[in-house]
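Undergrad: Starting from these lines, generate the structure:
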Amino acid sequence: MFNIVLQTSTTGGNSGFFDSPWWQFASLMTWAVLIGLWLALVFWTYKDARRRLTDPLMIGISVVTSFVFPYIGPIFYMILRPPEYLEDVLERDLEIRAKELAITGAADRCPACRTPVRDDFFICPKCRRQLKLACSKCEKPLDPSWRACPYCATEVSASAGTPSLIEEDELFA
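TA: Below is the predicted model of the structure:
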């Protein structure tokens with residue numbers, strides 16, 4: 001078993017446990033761990049601030065605060081930081097925008113010129129791009145990617161083609 005022996009001097013010297021190599025090693029390692037943890041917190045603050053903040057000045061202030069005030073700076077940053085990542089905010093904004101477009105009907109637009117079109121339009125009234133195909137049996141509008149008419153179950157021929165511009169001769173024929 002390992003015994004720690006406290007050395008005392010009978011000559012009145014001040015050498016003791018705190019002057020031993022074991023204590024010096026332990027204190028040196030403690031300082032190394034504390035400094036490593038401090039620098040890791042500064043790095044974490046930088047990485048987290050870049051994911052949550054858009055202003056480079058605010059990112060710099062956060063990092064400098066965590067560097068100048070060890071252990072307390074990162075705690076202040078954690079209290080004051082925005083609650084969401086920038087990616088989450090962007091995703092939420094895109095979802096809200098998509099729902100607004102769906103509610104206002106602006107989602108139904110021509111893929112070529114972005115003109116608002118209705119669901120039953122066969123061509124775009126502005127650029128004349130073919131939006132839908134007509135079913136050969138029931139004449140209902142069909143999406144060009146469909147293989148069968150959902151209204152009358154008629155097979156859509158593969159030669160019906162993809163959306164294209166309709167020539168004037170075909171339009172008025």
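
Undergrad: Can you pull out the residues in contact with stretch 90-109?
TA: T115, P116, V117, R118, D119 (C-beta atoms under 8 Å, 6 or more residues apart in numbering). C-beta here means a position set from N, CA and C on the backbone, and glycine is covered the same way.

Undergrad: Quick one: mean pLDDT over that stretch.
TA: The pLDDT scores in stretch 90-109 average 81.

Undergrad: In the contacts of stretch 90-109, find the pair that's most separated.
TA: Taking C-beta to C-beta as the measure, the contacts of stretch 90-109 span a maximum distance of 14.2 Å, between T115 and D119.

Undergrad: so how far is Y77 from L41?
TA: 9 Å (C-beta to C-beta, to the nearest Å).

Undergrad: Need the residues touching each of the two.
TA: S66.

Undergrad: Which one's more surrounded, the two?
TA: The residue with more neighbours, out of L41 and Y77, is Y77; 21 against 18, by other C-beta atoms under 10 Å.

Undergrad: who are the neighbours of the helix or strand containing that one, in terms of helices and strands?
TA: Following DSSP states H and E, one finds Y77 within helix 73-80. Applying 3 or more C-beta pairs under 8 Å, 6 or more residues apart in numbering; DSSP states H and E, one finds that helix 73-80 contacts helix 21-52, helix 56-68.

Undergrad: buried stuff in the last one?
TA: Going by neighbour count (16 or more other C-beta atoms under 10 Å), the buried part of helix 56-68 is I59, S62, V63, T65, S66, F67.

Undergrad: which residues touch the second one?
TA: Read that as S62. Contacts of S62 by C-beta under 8 Å, 6+ apart are T45, Y46, A49, L53, Y77, R81.

Undergrad: ok, now the third one?
TA: For V63, the contact set (C-beta under 8 Å, 6+ apart) comprises V42, T45, Y46, A49.

Undergrad: thinking again about what came up before, which one of T115 and D119 has more residues nearby?
TA: Using other C-beta under 10 Å, the more surrounded residue of T115 and D119 is T115, with 13 against 9.
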